[in-house]
Structure formats: C-alpha cells, structure tokens
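In: Whatever this is, show me its structure:
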Amino acid sequence: MSTTEAGTGTAVPQQAPGPEGSVLFGALSSFKKDTLKLLVELQRQYGGIARMKMGPYLVHQITQPEHVKHVLQDNARNYVRGRFYRGFNLFFGRGMLTTDGPEWRARRSITQPFFNRTRLRESSGTITDTVEELLARWQKAADKGQDVDITDDMMWLAMGVLGRMLYGVDLRDHADRLMPAVRFSLKAMILTGEVKQMLPRWIPTRYQRRLKHYQGVLNGVMDEIIDLHRSGGGSPGSVVSALLNATHAVTGKPFTQTQIRAELKTLFLAGHETTGCALTWTLYAIAQHENVRAQLDEELQRVLGGRTPTAADLPHLPYLRQVVDETLRMYPPIWLFPRDTVEDDEIGGYHVPAGSTVLVPVYAAHHNAAVWENPEAFDPSRFCPAHQTKTATATGGRAAGRDRYDYFPFGGGARKCIGMDLALLEIQLAVAMITQRFRLHLVSGHPVTPGALVSLRPLPEVLMQIKSVDREAVGA
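Out: Residues are numbered from 1 along each chain as shown. Predicted structure coming up:
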C-alpha cells in the first residue's frame with residue numbers, strides 16, 4: 001500500500017480510498033443528513049479504512065479490527081480527544097471523558113474503585129430494589145391500559161441506580177429538571193455546523209439562552225449534591241465524598257468545586273444515558289422477536305421461577321447475556337469513538353497525517369457483513385460459544401471465534417468504558433425482572449429508528465403496550 005518517491009527510493013504511504021464529496025463540504029452534508037447510513041456505506045464500499053473530507057477537516061474512518069486496536073490500544077498515545085469533543089465540553093466540562101494523559105489518569109483513579117466488579121455484585125440489591133419501583137409504576141399503567149414511552153422510564157431507572165450506587169442520593173428526585181436538560185444536551189453536544197451553533201456565545205439568540213439555561217440546570221443540581229456532602233448530609237461512601245477528600249495527582253491540591261462538578265456531570269451524562277439506551281433497545285428487540293422472547297421465558301422460568309434475580313444467578317442465564325450482547329451489537333449506545341491524531345501515522349499502509357481526525361464507528365463495525373453473517377438480523381445465538389466456534393471452523397476463521405475488536409460496544413484499551421460492568425449487571429438484572437413480570441408490545445404506527453446523538457437514542461419514542469404476565473401460563 002505504498003508508492004516510491006521519484007529519485008529517492010523512499011516508500012511513501014498512499015492515501016486511503018474514499019468518497020470525493022462536494023468541493024467545499026466533502027462528506028459533511030451526508031454526515032449531517034444520515035450519519036449512520038454514511039458510516040455503514042463507507043465501510044461496505046471502501047473496507048476497513050476510508051478517507052474523506054468533512055468541511056475543512058480531513059477524516060479517516062477505521063473499522064478493520066487490527067486498525068481499531070491500533071488506534072484504541074496499541075498506539076493510543078497518538079490519538080487524543082479532539083475537535084469532535086469540543087461540543088462535549090459544553091455540558092461535561094473538563095472531566096474524565098474529555099481529558100487525556102496525566103490529567104485523565106488523575107481523575108479516573110478516584111472513581112475506578114467504585115466500578116470494581118466484586119463491589120458492584122455485592123451492591124446488586126440496590127439495582128433490583130430500584131427495578132421493583134419501576135415495576136410498581138408499570139403495574140399501574142398496565143391496570144389502566146396506558147401506553148408507556150419506555151425510553152423515559154429506562155432513563156429514570158438508570159438515573160435511580162446511578163444515584164444510589166455512586167452519588168449517595170437518589171437522582172430521580174431531580175428528574176424533572178435533569179431529563180429536559182439531558183434531551184437538549186444530547187443534540188447540542190453534536191456539532192453539526194448549523195448557524196445557531198456557530199454564532200458567538202455572546203449573541204443572545206434563543207438557542208444560546210436555552211443552552212445557558214440547561215448548562216445552569218446541570219451545574220446547579222451537581223452543586224446541590226456537592227454542597228450536601230460538604231455539610232455532612234451525603235453518604236461517606238459515595239464518589240462525591242471520595243472526590244471531596246482526594247488530592248489531585250497532578251496539582252497536589254484538593255479538587256475544586258468546578259473539577260468535582262465536571263466529574264459528576266461526566267458520570268451522570270455518560271452513565272445513565274448509555275445504560276438507559278441499552279435497556280430500551282433490549283426491551284424493544286425482545287418485543288419485536290417472539291422466538292427470542294419464548295427462549296428467554298423458558299430460561300428465566302427454569303432458573304428463577306419468578307423470583308427476583310441476584311448477581312449470582314447471572315452465570316446460569318447464558319441466553320439472557322446473549323440477548324444483551326446481540327442488542328449491544330445491533331444498537332451500540334456508544335456508536336462512535338472520535339480521535340484526533342497527534343503525529344503522522346500509518347494505518348494499513350495508508351498515511352494518516354497529524355492533526356486529522358480518526359472516527360472509529362462502532363455501529364458500522366457491528367454491521368459489517370464481512371464479519372457478521374446477516375448483520376441486520378437480530379440473532380442472539382451468534383454469541384453462543386458453540387455457534388461461534390462452529391462458524392469460525394466453517395468459514396476457515398479463527399478457531400477461538402471472532403477478533404476482540406470485531407465487537408467492542410464499550411471501546412477498548414486504557415480508555416475502555418469505566419462503567420461497563422455496572423451497565424451489564426444492571427441491564428441483565430432489569431431485563432430478567434421486567435420480562436418475568438410484563439409483556440411489552442410496540443404500539444402500531446410508531447416506528448422507531450436509531451438516532452445518532454451523543455448516544456444511539458431510539459427516535460422519536462418507544463411507545464409500548466404493557467401487559468402483566470400470566471405466570472401460570474408461562475410455567476405451563
């Protein structure tokens with residue numbers, strides 16, 4: 001994948017293939033019009049690496065597993081948060097998600113212990129207690145024959161779990177303020193080149209007034225939680241207390257109010273939003289596939305018999321995990337990992353210049369027909385170990401199954417999602433409890449499509465009919 005420079009004998013890496021696009025904007029208009037479609041088509045047309053212009057920026061899309069590993073793991077020091085994260089600073093601030101190097105390590109080291117797998121399993125009762133409160137709400141809706149937008153309810157559930165397990169408070173007490181702020185921020189953080197986003201902040205447009213309002217809402221709620229802990233009213237075992245008592249490893253000073261607030265916003269926005277989306281998509285997929293529902297019912301009845309699951313039950317519920325894994329393949333909540341290149345690099349024999357952007361689109365990689373047989377079909381059995389080995393043998397692939405970076409819903413390398421174990425634990429316990437108690441049916445005339453916001457949100461809503469399960473019928 002290289003040419004020889006005339007008269008020197010020096011190999012010069014080639015440019016990766018890709019679309020030409022318009023003279024001025026390149027592929028930017030296609031990206032704005034239907035982001036997911038563009039990313040999937042780029043992968044299918046150009047393979048594991050594609051080069052394109054997006055407005056004034058040079059962008060490479062990477063989906064080949066070894067290339068993804070190179071960017072996220074092997075040469076991760078050369079790939080940093082960049083221009084695509086500038087919009088994130090509007091609401092996250094300079095927290096764990098938007099920083100790099102020693103600054104990032106200093107922040108992550110404080111919160112890492114709260115995501116210890118053993119610690120999470122020991123606290124799993126908090127998750128099931130919170131799910132029980134959701135089931136009580138849904139029982140009232142079922143009794144009245146009311147349809148429910150499960151997206152909001154899954155966010156409400158994830159908010160409750162996150163607050164109780166990490167913040168030492170119930171964030172749902174602030175839900176009336178937080179949820180509108182989240183809905184606005186999900187769109188505002190994605191820089192689309194719209195005029196309203198590009199105008200100077202000091203111009204008092206309606207958009208800028210709303211932006212400042214919702215920034216104030218998020219900051220205000222986090223400040224209330226911090227002040228509660230400062231006054232001794234919060235939990236001493238919370239991440240808030242840990243941040244208040246910590247010394248910054250870089251500066252040697254205590255974390256400031258602004259720094260603590262940024263970490264809390266990061267955990268809140270990244271934590272509850274992605275888990276809520278994953279839960280919504282999982283319930284949506286189960287409702288759409290009766291055969292999946294039937295097999296899941298059989299496993300849950302055989303192992304649980306209608307009782308509340310515990311973390312210790314999950315290894316005995318392999319099909320439940322396969323359903324969750326397949327949902328995360330089809331609808332990865334974190335659908336894109338953008339990076340900026342620090343120094344010139346070469347990927348797959350192609351030149352990637354310093355200062356350019358690399359996109360690692362999880363969604364496109366998970367829908368790659370060269371890796372996944374019939375990728376648009378929802379098929380949990382593809383995550384059955386026996387099925388993986390059989391498929392690899394039949395196709396002459398790896399005997400141990402697929403590559404680590406064929407499937408990476410939580411990223412990879414040192415920046416792998418800190419909340420992965422909490423998310424998987426919460427999703428599995430919640431789905432097991434909900435599926436045993438209710439049957440969900442998508443309301444006709446309400447199509448659902450994936451929205452490429454900060455997370456992969458179901459749009460416009462996931463309106464469900466909720467009916468109580470006839471437990472005798474299930475056990476028959």
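In: and the gap between N291 and Y284?
Out: Per C-beta to C-beta, to the nearest Å, N291 is found 15 Å from Y284. No exception for glycine: its C-beta is placed from N, CA and C like everyone else's.
In: repeat for P17
Out: From P17 to Y284 the distance is 36 Å (C-beta to C-beta).
In: cool, Y405 as well?
Out: For Y405, the distance to Y284 - C-beta to C-beta - is 26 Å.
In: and what of P236?
Out: Taking C-beta to C-beta, one finds P236 at 39 Å from Y284.
In: Neighbour count for those two, which is higher?
Out: Just comparing P236 and Y284: by other C-beta atoms under 10 Å the higher neighbour count belongs to Y284, 22 against 12.
In: List the buried residues of the helix or strand harbouring the more buried one.
Out: Using DSSP states H and E, Y284 maps to helix 257-288. Within helix 257-288, the residues that count as buried by 16 or more other C-beta atoms under 10 Å are 259-287.
In: Report all helices and strands that the helix or strand following it contacts.
Out: Using DSSP H and E, the helix or strand that directly follows helix 257-288 along the chain is helix 290-303. In terms of contacts (3 or more C-beta pairs under 8 Å, 6 or more residues apart in numbering; DSSP states H and E), helix 290-303 is packed against helix 257-288, helix 318-330, helix 420-437, helix 471-475.
In: again, only this time at 6 Å
Out: Here helix 290-303 touches helix 420-437, helix 471-475, going by 3 or more C-beta pairs under 6 Å, 6 or more residues apart in numbering; DSSP states H and E.
In: Can you tell me which of the ones you listed is packed in deepest?
Out: Of all the helices and strands packed on helix 290-303, helix 420-437 has the most neighbours on average by mean count of other C-beta atoms under 10 Å, namely a mean of 23.
In: by contact count, what packs against that one?
Out: Partner elements for helix 420-437 (3+ C-beta pairs under 6 Å, 6+ apart): helix 117-122, helix 124-144, helix 257-288, helix 290-303, helix 318-330.
In: among the ones you listed, which is nearest R415?
Out: helix 257-288 (12.1 Å; C-beta to C-beta).
In: Next, report how far that closest one is displaced from the centre of its chain.
Out: Offset of helix 257-288 from its chain centre (C-alpha atoms, centre = their mean, to the nearest Å): 7 Å.
In: Once you drop chain neighbours, what's closest to A423?
Out: T275 (4.7 Å; C-beta to C-beta, 6 or more residues apart in numbering).
In: distance of that neighbour from G93?
Out: 21 Å.
In: neighbours around R206, how many?
Out: 8.
In: how about it, phi and psi?
Out: With angles defined as degrees, to the nearest 10, R206 sits at phi -60, psi -40.
In: ok, P65 - how many residues close by?
Out: For P65, using other C-beta under 10 Å, the count is 19.
In: ranges for the strands of this protein?
Out: Along the chain, the stretches classed as strands by DSSP state E are 2-4, 11-13, 49-54, 57-62, 79-80, 147-149, 337-341, 345-347, 350-352, 357-360, 438-442, 449-452, 456-459, 463-468.
In: Can you lay out these as a markdown table showing mean neighbour count, mean pLDDT and distance to R321?
Out: Formatted as a markdown table, the strands of the chain follow (neighbours: other C-beta atoms under 10 Å; pLDDT from 0 to 100; distance: least, C-beta to C-beta, whole Å):
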| stretch | mean neighbour count | mean pLDDT | distance to R321 |
| --- | --- | --- | --- |
| strand 2-4 | 11 | 52 | 44 |
| strand 11-13 | 14 | 66 | 42 |
| strand 49-54 | 22 | 89 | 32 |
| strand 57-62 | 23 | 92 | 28 |
| strand 79-80 | 21 | 92 | 31 |
| strand 147-149 | 17 | 94 | 26 |
| strand 337-341 | 20 | 93 | 24 |
| strand 345-347 | 19 | 95 | 33 |
| strand 350-352 | 21 | 96 | 36 |
| strand 357-360 | 23 | 94 | 25 |
| strand 438-442 | 18 | 96 | 20 |
| strand 449-452 | 16 | 90 | 22 |
| strand 456-459 | 21 | 92 | 20 |
| strand 463-468 | 18 | 95 | 23 |
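In: Out of those, which gets nearest to H229?
Out: strand 456-459 (31.1 Å).
In: Tell me the strands beside the closest one, with direction?
Out: strand 449-452 (antiparallel) (DSSP bridges).
In: rewinding a little: now do the contacts for the residue nearest to A423.
Out: 158, 423, 426 (C-beta atoms under 6 Å, 6 or more residues apart in numbering).
In: is it true that the last one touches I127?
Out: So the one you mean is E426. Yes - with contacts counted by C-beta atoms under 6 Å, E426 reaches I127, the gap being 5.2 Å.
In: shared neighbours, those two?
Out: V161.
In: got the contact list for Y167?
Out: By C-beta under 6 Å, 6+ apart, the neighbours of Y167 are 225, 238, 240.
In: what's the answer for A365, then?
Out: Counting by C-beta under 6 Å, 6+ apart, A365 has contacts T63.
In: Recalculate using a threshold of 10 Å.
Out: By C-beta atoms under 10 Å, 6 or more residues apart in numbering, A365 lies in contact with 39-40, 43, 48, 61-65, 68, 329, 332, 335, 371-372, 405-409.
In: just V169 next, same as before
Out: By C-beta under 10 Å, 6+ apart, the neighbours of V169 are 163, 221, 224-225, 228-229, 233-235, 238, 240.
In: again, only using 8 Å
Out: Counting by C-beta atoms under 8 Å, 6 or more residues apart in numbering, V169 touches 163, 225, 228, 234-235, 238.
In: same check, this time on I434
Out: 131, 134-135, 138, 283, 440.
In: Looking at those, which is nearest K212?
Out: L134 (33.0 Å).
In: Can you tell me the closest non-neighbouring residue to the closest one?
Out: L157 (5.0 Å).
In: Can you get me a residue count around the one you found?
Out: 26.
In: measure it to D34 for me?
Out: 30 Å.
In: Tabulate the helices and strands packed on helix 420-437 (TSV), appending mean pLDDT.
Out: Output for the helices and strands packed on helix 420-437, formatted as TSV (pLDDT from 0 to 100):
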stretch	mean pLDDT
helix 117-122	94
helix 124-144	96
helix 257-288	93
helix 290-303	97
helix 318-330	98
